[in-house]
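Visitor: here is my input, please return the structure:
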Amino acid sequence: MTRGTRLFTLAALAAASGVLAEDQPAAPQPMRVAVYTDAGVSRGVDALVEQLTARVDLKVERIKAAGIRAGKLSEFDVLIHPGGSGGGQGKSLAEEGREQVRTFVRGGGGYIGICAGAYLASCDYPWSLNILDAKVLDKAHWARGDGDVDVSLTPAGKSVL
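Guide: Prediction:
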């Protein structure tokens with residue numbers, strides 16, 4: 001093999017593996033977002049999915065409790081549990097689905113809990129996910145409206161973020 005052939009072969013291998021300087025970096029892949037759309041969600045979930053789907057940097061799909069129980073979360077980067085009923089969502093997931101969500105989060109998957117989804121994340125109910133070290137202080141008056149919330153990170157949270 002001549003020196004020229006060898007260089008061509010090395011260049012072909014480098015190009016195939018993407019290490020040549022003149023190669024353009026690959027376009028970033030859209031974040032894969034699963035939105036829970038099963039029992040316990042409010043009617044507003046369709047508007048949420050519509051808004052998220054309009055973004056080109058997100059690949060949004062609806063997911064049902066059965067899909068979560070079947071291990072489909074491995075296909076996503078983030079799971080969103082919207083408003084509605086945390087108990088309804090948690091009971092629909094059943095223990096198997098709740099464990100799938102816990103495993104997903106422990107493995108680095110993102111979790112966004114909106115309203116009822118935040119209650120679902122708590123560690124206070126039999127149907128809770130237990131991924132957020134939070135308890136509900138006044139369960140009788142859960143519908144409090146809205147307001148500002150101050151949030152801070154623990155040292156462990158700062159190291160993760």
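Visitor: and the helices in this protein?
Guide: Under the criterion DSSP state H, helices of the chain are mapped to 3-17, 45-53, 65-69, 86-106, 116-121, 155-160.
Visitor: of those, flag the one that's most buried.
Guide: helix 116-121 (a mean of 23; mean count of other Cβ atoms under 10 Å). Every residue, glycine included, has its C-beta placed from N, CA and C.
Visitor: rounded mean pLDDT for it, please.
Guide: Mean pLDDT, helix 116-121: 94.
Visitor: roughly how far does the spatially most central residue of the chain sit from Val60?
Guide: With distances taken as Cα atoms, centre = their mean, Val78 lies nearest the centre of the chain, 1.5 Å away. Counting by Cβ to Cβ, to the nearest Å, the separation of Val78 from Val60 is 10 Å.
Visitor: what's the answer for Glu50, then?
Guide: 9 Å.
Visitor: next: Pro155.
Guide: 34 Å.
Visitor: same check, this time on Pro30
Guide: 9 Å.
Visitor: surely Val45 touches Gln89?
Guide: No. If you go by Cβ atoms under 8 Å, Val45 and Gln89 don't touch, sitting 10.8 Å apart.
Visitor: which ones are touching Val149?
Guide: Shown in contact with Val149 (Cβ atoms under 8 Å, 6 or more residues apart in numbering): no residues.
Visitor: could I get the pLDDT score of it?
Guide: 74.
Visitor: Asp133 too?
Guide: Predicted confidence (pLDDT) for Asp133: 90.
Visitor: can you give me the neighbour number for Ala27?
Guide: Ala27: 6 surrounding residues under other Cβ atoms under 10 Å.
Visitor: phi, psi of it?
Guide: phi -60, psi 140 (degrees, to the nearest 10).
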